[in-house]
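A.B. asks: Mind looking at a prediction? Sequence and model below.
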Amino acid sequence: MNARGENISLLYIEDEAIVRENMLEFLNRRFDKVWVAENGAEGLETYRKKAPDIVLTDIRMPVMGGLEMARAILEFDDKAIIIVTSAHNESNYLLEAIEMGVNNYLLKPLEWNKVDATLQRCIERVLKTRNARDLENLQTEEAFHYTITSLARAAEANDEDNGNHILRVGEYSAAICRSIGFPKQLVDTIVLQSQLHDVGKIHVAPEILKKPGKLTNEEMELVREHTVFGARIIGSHPRLETAKSIALHHHEHWDGTGYPYGLAMIEIPVVARIVAIADVYDALRNQRIYKTGFDHDTACSIILEGDGRTEPSHFDPFLLEAFKKIERELEAIYGRLATVK
């Protein structure tokens, strides 16, 4: 069975034109992409630029030999898959290749069935490495999601009667994002990372968060600091930039009356503007120890018309229009997640 490397690339280095042309015809039938170099120096440069999956090289060449090139490649990538070709009377070169970690070699004159078998082994190794890398990436991504969710749940420990607030806010935000045409990848990011919007409440005492009566000015300042604390907890990792932006700015108001910095209009990151509407809608719907919950229509009326505390001027007008168009979808989300523990 002929070796076939779909989506696998190969770099071939050979200085003799006739040998190179014959081999190239053979390789092009088996690999989607084949790069060619005439000496080790060209091969090394091509490897660094293209990062092929497999390298097939002669040993004795001008400018730079195959073994010198292989050594440089292995210093750059110790898992590189390299095949060397050598004449029968060059066994000392083969021993040197084996010592440096090259364990695929072919003797000249080349026999096509042996070339094919060696290439097949290398292809299988490439695929096995890719599968292992894909599994590792999947496990890393799952751990990333788990960590975010766990951290969000830890923040809720100070505020248990919030129910599934973090989940609902994520779903509301996703619905708004889809309605304004955000790409799926960004929607998925916001759904996940919006769960950390209140993570800074870890620093706020439970007795303040659950206080039945009106908060003092000092207590209100402590509550408002949860935005800054949240951003500090999340940190500056690029993967969590969305989460940090949401945590820090989701209490800013379009008209500049919000906190912590009194930002206005497009100074507020759009992801935070989206979560702001979702967060307020859920806060209005949800019953707390210090307030009753409103029905859907009342919550929408407060957001769209105002009640003296919450005003439509607090929200991005474009996003308010999107909210109006999908408000029944938000009602369905609340109903679906309201009693899930």
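C.D. replies: Done, it's in.
A.B. asks: which parts of the host helix or strand of Val187 are buried?
C.D. replies: Assessed by DSSP states H and E, Val187 sits inside helix 184-193. Neighbour-count burial for helix 184-193 flags 187, 189-193 (criterion: 16 or more other C-beta atoms under 10 Å). To be clear about C-beta, it is placed using only N, CA and C from the backbone, and glycine gets the same treatment.
A.B. asks: Run through the stretch 151-300 of the chain and note the low-pLDDT ranges.
C.D. replies: Scanning the stretch 151-300 of the chain for pLDDT under 70 picks out the ranges 157-163, 289-290.
A.B. asks: now the helices for it?
C.D. replies: For the stretch 151-300 of the chain, applying DSSP state H, counting those that start in this stretch gives helices covering 165-179, 184-193, 206-209, 217-224, 226-234, 241-249, 270-285, 296-305.
A.B. asks: Export the ones you listed to JSON lines and append columns for distance to Glu329.
C.D. replies: JSON lines is the format used below for these (distance: least, C-beta to C-beta, whole Å):
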{"stretch": "helix 165-179", "distance to Glu329": "5"}
{"stretch": "helix 184-193", "distance to Glu329": "14"}
{"stretch": "helix 206-209", "distance to Glu329": "29"}
{"stretch": "helix 217-224", "distance to Glu329": "30"}
{"stretch": "helix 226-234", "distance to Glu329": "27"}
{"stretch": "helix 241-249", "distance to Glu329": "21"}
{"stretch": "helix 270-285", "distance to Glu329": "11"}
{"stretch": "helix 296-305", "distance to Glu329": "11"}
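A.B. asks: Can you say which of those is nearest to Lys324?
C.D. replies: Closest approach to Lys324 among these is made by helix 296-305 (6.7 Å; C-beta to C-beta).
A.B. asks: State the mean pLDDT of the next helix or strand after the closest one.
C.D. replies: Downstream of helix 296-305, the next assigned helix or strand under DSSP H and E is helix 317-337. For helix 317-337, mean pLDDT rounds to 95.
A.B. asks: Same question for stretch 100-115.
C.D. replies: The average pLDDT within stretch 100-115 is 84.
A.B. asks: Measure how far that stretch is from the centre of its chain, please.
C.D. replies: 40 Å (C-alpha atoms, centre = their mean, to the nearest Å).
A.B. asks: Not counting residues beside it along the chain, what's closest to Tyr334?
C.D. replies: Among residues not flanking Tyr334 along the chain, Arg285 sits closest, at 5.5 Å (C-beta to C-beta, 6 or more residues apart in numbering).
A.B. asks: Distance of that neighbour relative to Asn28?
C.D. replies: From Arg285 over to Asn28 the distance is 64 Å, taken as C-beta to C-beta, to the nearest Å.
A.B. asks: between the two, who's got more neighbours?
C.D. replies: Comparing Arg285 with Asn28 by neighbour count (other C-beta atoms under 10 Å), the higher total belongs to Arg285, at 21 against 13.
A.B. asks: residue ranges with poor pLDDT in the stretch 1-150 of the chain?
C.D. replies: 1-5, 88-91, 94.
A.B. asks: And the helices in it, which stretches?
C.D. replies: Using DSSP H, counting those that start in this stretch, helices in the stretch 1-150 of the chain cover 17-28, 40-50, 66-76, 91-100, 112-156.
A.B. asks: Any idea which of those helices gets closest to Pro183?
C.D. replies: Within the helices of the stretch 1-150 of the chain, the stretch nearest Pro183 is helix 112-156; the backing value is 18.1 Å (C-beta to C-beta).
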